[in-house]
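*Asks:* quick one, fold the following:
(4 chains)
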There are 4 protein chains.
Amino acid sequence: MSHNSFGHLFRVTTWGESHGPALGCIIDGCPSLIDITEEEIQVWMDQRKPGQNRFTTQRREPDAVKILSGVFEGKTTGTPISLMIENVDQRSKDYGDIKEKFRPGHADYSYQTKYGIRDYRGGGRSSARETAARVAAGGIARKVLGDNVKIKGYLTQIGDKVIDRSRFDWDEIDNNPFWCPDAEMAQVWTKYLDAIRKNGSSVGAVIEVVASGVPAGLGAPIYGKLDSDLAGAMMTINAVKGVEIGEGFSAAALTGESNADEMRKGDGQSPDFLSNHAGGILGGISTGQDVVVRFAVKPTSSILKPRATVTKSGEDAEIVTKGRHDPCVGIRAVPVGEAMMACVLADHLLRHRGQQG
Amino acid sequence: MSHNSFGHLFRVTTWGESHGPALGCIIDGCPSLIDITEEEIQVWMDQRKPGQNRFTTQRREPDAVKILSGVFEGKTTGTPISLMIENVDQRSKDYGDIKEKFRPGHADYSYQTKYGIRDYRGGGRSSARETAARVAAGGIARKVLGDNVKIKGYLTQIGDKVIDRSRFDWDEIDNNPFWCPDAEMAQVWTKYLDAIRKNGSSVGAVIEVVASGVPAGLGAPIYGKLDSDLAGAMMTINAVKGVEIGEGFSAAALTGESNADEMRKGDGQSPDFLSNHAGGILGGISTGQDVVVRFAVKPTSSILKPRATVTKSGEDAEIVTKGRHDPCVGIRAVPVGEAMMACVLADHLLRHRGQQG
Amino acid sequence: MSHNSFGHLFRVTTWGESHGPALGCIIDGCPSLIDITEEEIQVWMDQRKPGQNRFTTQRREPDAVKILSGVFEGKTTGTPISLMIENVDQRSKDYGDIKEKFRPGHADYSYQTKYGIRDYRGGGRSSARETAARVAAGGIARKVLGDNVKIKGYLTQIGDKVIDRSRFDWDEIDNNPFWCPDAEMAQVWTKYLDAIRKNGSSVGAVIEVVASGVPAGLGAPIYGKLDSDLAGAMMTINAVKGVEIGEGFSAAALTGESNADEMRKGDGQSPDFLSNHAGGILGGISTGQDVVVRFAVKPTSSILKPRATVTKSGEDAEIVTKGRHDPCVGIRAVPVGEAMMACVLADHLLRHRGQQG
Amino acid sequence: MSHNSFGHLFRVTTWGESHGPALGCIIDGCPSLIDITEEEIQVWMDQRKPGQNRFTTQRREPDAVKILSGVFEGKTTGTPISLMIENVDQRSKDYGDIKEKFRPGHADYSYQTKYGIRDYRGGGRSSARETAARVAAGGIARKVLGDNVKIKGYLTQIGDKVIDRSRFDWDEIDNNPFWCPDAEMAQVWTKYLDAIRKNGSSVGAVIEVVASGVPAGLGAPIYGKLDSDLAGAMMTINAVKGVEIGEGFSAAALTGESNADEMRKGDGQSPDFLSNHAGGILGGISTGQDVVVRFAVKPTSSILKPRATVTKSGEDAEIVTKGRHDPCVGIRAVPVGEAMMACVLADHLLRHRGQQG
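*Replies:* Predicted coordinates for the structure are as follows:
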């Protein structure tokens, strides 16, 4: 029930702070004889790493992942895989201002209240740097899932600007700095985020992650539901405030007949579904349809706009957060959401074959 | 990592099917010396039990809870508390139609695919009857939390009809069959749901649950976040497709300065917050503000409207679900949402004092 | 991490007290489509049930097991299996004496100290009646393991009287009330235990449990070792004070060359081992050889001999435990040890195929 | 349920192989505000590290522990503590011989059978080098327990040579290379082990670990028993084949009246116990008496004596294990046993205050 672990049979434990010497994770339970190299994991690391364009934090981190255990002669051995990423560009001096004051809407306050101490440098453990370890773990989870399972995330909304689904183009997603499947909206977001950034503000976003090729039967009643684990997993990502499966909140406005995903005789193996309101999960168990998860990210609370706050000793104060921050943390949340999807699916794949062989 | 358990230190394991002899739960880890009687738990059972008005299933179940262990001379002993609720009104004959065909949008299909067998009577394990056990557990969780923590749920939306927050009245919630805090909207819903019911259809809903008096410091980084556990817990409730904390998806459209919950010097113990966009949780840890969770329930897939489907052997068919069903399962989800909130908070209360004393 | 659960993928949670209305267990994670009836489980229950001869407690309990969930039309459905055994012959009046005084060497004292309350009737939760639920769970575990895995327990020592291994006869085990594989020793034990019983005393025992047909590969490094889980499981049985695997403590006196289980070319599938000092487990993982576990049971502390003790309020007193007790609880521990072996192996079978397919 | 983790609230996850770049552990759930330095942990590391005298492996490892996270300005922050120990003196060439052949009695065979691959260099994950991470974790666990809890281990037997308890001297334990409390026996062991070592053989041992100052109330019924967790924990140490609590196997030969630890009115806080057959644990819960655990270690299977074995492809062969090995691994198991005791007690301390406040 460890606070810093998730998953059960494919179990990931992360450690590390923003401004410590390194961060990393242990993956325990990975099957043996899976080919894995640092380079394969690095591909995913590079998607998340900061400083790649003007819309993400300017912190320069190579985020080079090292495999310290569990892989021998290029193959997993079934023993725990330890992955480490060194912190290179900490610049602790940037964060001196937040030592004594809390950023409104930030974990500063709750960590201090719970633990009576916090590593205030760059947010310490609550920093989004922790998600580098998730992306590394996700790289291994993808190998466990195999090539048939494809996981792809993208942004559907930044601030109040939502993509037009009629312009959805899978090939567009990797063509812009926003993982935006709508080329026109990518233009809009560029101008919008430039303004936000210059203004010293920040803004939220909505991310959608789709997994195709997921075998039917993953997940379990009642508290081991696949959608429950996905919801819990996405909600662990920094700044996430909402999670939806399939229709999500829109399902509330539907009638039973409009929400039903009707079925027709299929290929003999499985039926054809005529729609996917369910997002690929019924009764907590995958159906073989695409698994569709959506999550909302709030705007970062580290902004240049002055806000009313209190000091550690409880006195009134005002805070302006200098340092290097993402105007929209939702952008870098895309590879993180993909990684969490991969880890949850890998865990349930192993759990399913544990119970059902 | 049991599929049918949730919580860690306050751990609930449920069992039972809709049409078996009984259902129940085990609560493990409850502190000793807490006064508890069957009558106290029954209060909450009665809020969820079916057949109380024409908007819920007409199945007649007293849902009488029995304490089989863990309580001695009116007090908990620290040993596992076994609660049992007998099924009285099963009428298995009603469900003969669904033995061979899958209801689109129902767990029928996924259970059969995963397990190669299912108890088709009344949905078996996937029936919402399972939630009776949650409500019983929630009754004990409330005792663990103590009187300072108040948990109250209500509906904010049925179908596309959303309450007007300017008319919000806490006292109204218990005055109508919908747990609706908006008296005018309760009138609208009455007519709307009557039409849905007569039409043999169903509709979804949105439920909000608020916990006040929650001590600051519950929850933990990174995968033991309070909001992650709440999201996972709510998503385990039958038919739930989305979960939000505080602003939820609306946070995506906000800027950092508008989303920040500014703080001012408080009573010396804790600061005053000028707003609660965060829903009482920062960095996964409670702040002492109200914890606010919202979840969306899809319309039940057991409807009188004919839908295209396939049979167990994969042939095309059409299905109409007779039997007794809720036109809006969201109504009875209110006490269940409250119970899950209570259980998650009780678990984190024990976890917090485990780590921090 | 529930206090009253064991196992992970084949997970058993027990509940109930000696003098409550019933006791039972939930088995979560059992694969579906396994044939199971109450009668099959009852076979094992009858081996453990009290009052079968003058060497076990004279409490009369039919120990009739009921399946309340998880089995449909004679087959497991993959959902939690709830088993219940009603308590019939409680005679609470027998236990009035122990309400105020602690039995030296009994859990009375530690439960009271930890929880500030205890169900003193018949030992409450600490009573060996709890093991009825284990035996029921073990009956299902055996079905998961399949017919190739044979599990058999027996006594090797009562008091200071140890069997002669040269007279070991598997067929003799079921021929005497002691599960004794040595017919001559069974005669000795009869007289010895009669004297102990008439004397109002009690005595300890050593039990050995052997599982044959266990596939190689069960267990895992480092903290998921099969022998670690077996040791932990056996140590949870009432009154157990020691556990050994294979040579056990005798291994301390051996040299490396005498302890080595040499190997020779086998049938092509697996090598032949020339000995089994290891007890079938190397590095925490089964080798395919017989898994051999031994555990020591202390004499019950409920005796007619007066002992010095203190009262609940801490005053000096003397105690004599009337009521119905086993002169040697080790006898009835045999089916319990078998059940624990079955549950641990079933759990590791599922865990192994979860990780390795 | 991770294979490489132990503990629940004080949770330790270890990683690393004998001949990889490093090994280490994550400690999750440690309370905040505990003073901790690398130097304090190093004290315990130095007790276990190899090459300190001629009776342990001649591998030269400084075993310098680094804190990578979870400690800020000398205090724990409540976030995961990552500890790393670099491997310095691997000399992989020594181990070429064991690449193709299995050492009888070694995990080589079972790892290969389970995983189809193994890091054969120095035993890979199954090497006793993993215990360095346990000792590091134990150093932190001791800080959680506080100064009132004293944990001390020692050897009571090497080969067939057992200490004389009448000569037991606590002060002698640190005066000889064997952690031997009997000065005369230390002389005997010196000669005995010299002969074993020169002979290319190895021998087993028995270790006893005593914890004093343990508060009453740690542990829980039924599967969360303190003695069960201790037995499981000790059995995870390399080469351990048996575990005892208090009287252990000797309890089998006792009568109820001789085994009872009688009680007399004590200091008002707790009674005085007139003996400690129970080893400080009743019903799985600590009584406040010394917790006494004993475990047996088999002789290492890496010996210079030739043994019959098979190759990876199943052919008959003979093996002689060169390289650097401990003639009696039991010696270095003493600090490891102490560390496991510390970790189990720290976990139960947090668990107890979680449930009981």
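
*Asks:* whichever residue of chain A sits closest to chain C sits in which helix or strand?
*Replies:* Of all residues in chain A, A:G354 sits closest to chain C, at 2.9 Å by CB to the nearest CB. To be clear about C-beta, it is placed using only N, CA and C from the backbone, and glycine gets the same treatment. Element membership for A:G354 (DSSP states H and E) is helix A:330-356.

*Asks:* buried residues in that helix?
*Replies:* Across helix A:330-356, burial judged by 16 or more other CB atoms under 10 Å in any protein chain shown covers A:330-356.

*Asks:* if we can go back for a sec, for the closest residue to the residue of chain A closest to chain C other than its chain neighbours, give me its contacts.
*Replies:* Closest residue to A:G354 apart from its sequence neighbours, by CB to CB, 6 or more residues apart in numbering or on different chains: C:G354 at 2.9 Å. By CB atoms under 8 Å, 6 or more residues apart in numbering or on different chains, the contact set of C:G354 is A:9, A:29, A:350-351, A:353-355, C:9.

*Asks:* how about a cut-off of 7 Å?
*Replies:* Applying CB atoms under 7 Å, 6 or more residues apart in numbering or on different chains, we find C:G354 in contact with A:9, A:350-351, A:353-354, C:9.

*Asks:* ok, those residues vs C:L193, which is closest?
*Replies:* Taking CB to CB as the measure, C:L193 lies nearest C:L9 of the contacts of C:G354, at 40.0 Å.

*Asks:* can you pull the contacts of that closest one?
*Replies:* C:L9 makes contact with A:354-355, C:29, C:347, C:350-351, C:354, according to CB under 7 Å, 6+ apart.

*Asks:* repeat that for A:V210.
*Replies:* A:V210 touches A:152, A:290, A:292, counting by CB under 7 Å, 6+ apart.

*Asks:* top of the residues you listed by neighbour count?
*Replies:* Compared across the contacts of A:V210, A:V292 has the highest neighbour count, 22 neighbours, by other CB atoms under 10 Å in any protein chain shown.

*Asks:* secondary structure element holding that residue?
*Replies:* Going by DSSP H and E, A:V292 is in strand A:291-297.

*Asks:* so which bits of that strand are buried?
*Replies:* In strand A:291-297, counting by 16+ other CB under 10 Å, buried: A:291-297.

*Asks:* what is it packed up against?
*Replies:* The contact analysis (3 or more CB pairs under 7 Å, 6 or more residues apart in numbering or on different chains; DSSP states H and E) places strand A:291-297 against strand A:205-212, helix A:226-235, strand A:240-245, helix A:330-356.

*Asks:* elements contacting the shortest one?
*Replies:* Using 3+ CB pairs under 7 Å, 6+ apart as the contact test, the elements touching strand A:240-245 are helix A:226-235, strand A:291-297, strand B:240-245.

*Asks:* next, the angle from the shortest one to strand B:205-212.
*Replies:* In this case it means strand B:240-245. With axes from the mean of the first three to the mean of the last three CA atoms, to 10 degrees as the basis, strand B:240-245 and strand B:205-212 are set at 30 degrees to each other.

*Asks:* same deal with the second one?
*Replies:* Angular relation of strand A:291-297 and strand B:205-212 on a 0 to 180 degree scale: 40 degrees, by the same axes, to 10 degrees.

*Asks:* following strand A:291-297, which helix or strand comes up?
*Replies:* strand A:307-310.

*Asks:* so which of the buried residues of strand A:291-297 is the closest to chain D?
*Replies:* Nearest to chain D out of those is A:V297 (CB to the nearest CB; 22.3 Å).

*Asks:* quick check: closest non-adjacent residue to the closest one.
*Replies:* In space, and not counting its chain neighbours, A:V297 is closest to A:G330: 4.1 Å by CB to CB, 6+ apart.

*Asks:* you'd agree the one you found is up against A:G204?
*Replies:* Yes. Contact status for A:G330 versus A:G204: in contact at 6.4 Å, counting by CB atoms under 7 Å.

*Asks:* mutual contacts of those two, please.
*Replies:* Taking CB under 7 Å, 6+ apart as the contact rule, A:G330 and A:G204 both touch A:V297.

*Asks:* what does the stretch 101-250 of chain A put close to chain C?
*Replies:* Residues of the stretch 101-250 of chain A found near chain C (CB under 7 Å from any CB of the partner chain) are A:P221.

*Asks:* what about the stretch 51-200 of chain A, any weak spots by pLDDT?
*Replies:* Applying pLDDT under 70 to the stretch 51-200 of chain A picks out residues A:58, A:90-96.

*Asks:* same question for the stretch 251-357 of chain A.
*Replies:* Along the stretch 251-357 of chain A, the model assigns pLDDT under 70 to residues A:324.

*Asks:* try it again with 90
*Replies:* Applying pLDDT under 90 to the stretch 251-357 of chain A flags the ranges A:266-269, A:301-302, A:321-326.

*Asks:* residue of it nearest chain B, please.
*Replies:* In the stretch 251-357 of chain A, the residue found nearest to chain B is A:G283; the distance is 2.3 Å by CB to the nearest CB.

*Asks:* next up, phi/psi of that residue, please.
*Replies:* Dihedral pair for A:G283: phi 60, psi 20, per degrees, to the nearest 10.

*Asks:* I'd say it and B:A107 touch.
*Replies:* Yes. The criterion here is CB under 7 Å, and A:G283 meets it with B:A107 at 2.3 Å.

*Asks:* which neighbours do the two share?
*Replies:* Counting by CB under 7 Å, 6+ apart, the residues touching both A:G283 and B:A107 are B:S126.

*Asks:* helices of the stretch 1-150 of chain A, residue ranges please.
*Replies:* For the stretch 1-150 of chain A, the helices defined by DSSP state H, counting those that start in this stretch cover A:38-48, A:107-115, A:131-145.

*Asks:* can you tell me what sits against stretch A:283-292?
*Replies:* Applying CB under 7 Å, 6+ apart, the contact partners of stretch A:283-292 are A:208, A:210-212, A:214-221, A:225-228, A:245-246, A:270, A:273, A:276, A:278-281, B:107, B:109-111, B:114, B:126.

*Asks:* how about the residues of the stretch 251-357 of chain A near chain C?
*Replies:* Taking CB under 7 Å from any CB as the criterion, the stretch 251-357 of chain A approaches chain C at residues A:350-351, A:353-357.

*Asks:* which bits of the stretch 51-200 of chain A sit near chain B?
*Replies:* By CB under 7 Å from any CB, the part of the stretch 51-200 of chain A that sits against chain B consists of A:102, A:104-107, A:109-111, A:113-114, A:125-126, A:130, A:157, A:159-160.

*Asks:* at 6 Å instead, please
*Replies:* Contact residues, the stretch 51-200 of chain A versus chain B (CB under 6 Å from any CB of the partner chain): A:104-105, A:107, A:109-110, A:113-114, A:125-126, A:130, A:157, A:159-160.

*Asks:* where's the residue nearest to A:G354 relative to A:G139, distance?
*Replies:* Relative to A:G139, C:G354 is positioned 21 Å away (CB to CB, to the nearest Å).

*Asks:* just to revisit the earlier point, just the buried members of the contacts of stretch A:283-292?
*Replies:* Neighbour-count burial (16+ other CB under 10 Å) applied to the contacts of stretch A:283-292 gives A:208, A:210-211, A:214-221, A:225-228, A:245-246, A:270, A:273, A:278-281, B:107, B:109-111, B:114, B:126.

*Asks:* related to what we said a few turns ago, ok, the residues of the stretch 51-200 of chain A next to chain B vs C:R118, which is closest?
*Replies:* Closest to C:R118, out of all of those and judged by CB to CB, is A:K114, at 33.9 Å.

*Asks:* is it true that that closest one touches B:A216?
*Replies:* No. Under the criterion of CB atoms under 6 Å, A:K114 is not in contact with B:A216, lying 7.3 Å apart.
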